[in-house]
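> Structure for this input, please:
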Amino acid sequence: MMFTKDGRLMGLNYCTDTGYGEEVRFGSSGINAEYGERMALRERLQCKSYAWFIKNIYPELPLERDLVGAGRVANDAHYCLDTRGGDLAGGNFLYLGSCGDLATPSTNTNRFMMFTKDGRLMGLNYCTDTGYGEEVRFEPCHEQGGTQQFKYDVSTRTLSQDHRCLMGDSTKGYPVMAECDTGNPAQLWTFEFKYF
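This is a model prediction of the structure:
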């Protein structure tokens with residue numbers, strides 16, 4: 001992402017981190033320059049760093065160091081959590097979907113979920129929220145715990161909240177909060193990327 005000094009967004013995915021804490025422009029412009037030329041271009045375009053973007057524009061975005069797990073979240077009944085784009089607005093449901101080949105990395109962003117160290121199960125923009133009911137919806141993250149705070153037990157692989165566990169209900173097509181049963185494959189979840 002590229003931001004000018006006056007805060008204008010120049011284009012999504014148009015600047016990227018070089019690994020040296022700086023950004024370079026790439027893409028349709030066809031620029032394939034050496035590092036020094038890239039840095040000069042960055043200065044000329046007045047790009048801000050990705051760290052600036054995270055700090056000033058999207059501070060609630062979890063970074064890898066804040067995560068317990070990410071990517072596809074699959075249960076032993078062979079269903080994955082599926083946002084179906086619902087994480088783009090509050091009030092939408094979390095669904096179940098086919099996981100596809102779990103041996104291959106997923107490119108489906110509707111299957112991308114994050115579980116943070118502070119217990120938030122979230123899509124790219126919103127947190128899951130039970131409202132202490134059965135259904136799970138996406139709502140704005142409030143960081144107050146409660147209906148948005150889950151616990152992941154590494155040994156049992158359950159995602160629980162208030163003595164209930166997340167269960168993939170394939171007959172309904174979405175996950176529900178149900179009485180915990182570690183013998184139920186629909187309640188045993190695995191993250192594609194693990195940070196524990």
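> quick one: contacts of stretch 142-153?
Outside of stretch 142-153, the residues within contact range by Cβ atoms under 8 Å, 6 or more residues apart in numbering are 68-69, 115, 118-121, 127-132, 139, 141, 158-161, 166, 189. All C-beta atoms are positioned from the backbone trio N, CA, C, and that covers glycine.
> Excluding chain neighbours, what is closest to Gly91?
Spatial nearest neighbour of Gly91, excluding adjacent residues (Cβ to Cβ, 6 or more residues apart in numbering): Arg137 at 6.0 Å.
> so what's that neighbour up against?
Contacts of Arg137 by Cβ under 8 Å, 6+ apart are 86, 90-94, 128-131.
> Among those residues, which one has the most neighbours?
Thr128 (28 neighbours; other Cβ atoms under 10 Å).
> Three-state assignment for that one, please.
What DSSP: H, G, I helix; E, B strand; the rest coil gives for Thr128 is strand.
> Run a quick neighbour tally on Glu64.
Glu64: 9 neighbours (other Cβ under 10 Å).
> Tell me the pLDDT of it.
Glu64 carries a pLDDT value of 74.
> Let me see the backbone angles for the residue nearest to Gly91.
phi -120, psi 170 (degrees, to the nearest 10).
> for the longest helix anywhere in the chain, packing partners?
Using DSSP state H to define each element, the chain has its longest helix at helix 35-45. Judged by 3 or more Cβ pairs under 8 Å, 6 or more residues apart in numbering; DSSP states H and E, helix 35-45 is in contact with strand 23-25.
> Might you report the residue contacts of the residue nearest to Glu139 when sequence neighbours are not counted?
Closest residue to Glu139 apart from its sequence neighbours, by Cβ to Cβ, 6+ apart: Asp129 at 4.0 Å. Contact partners of Asp129, counting by Cβ under 8 Å, 6+ apart, are 136-139, 147-148.
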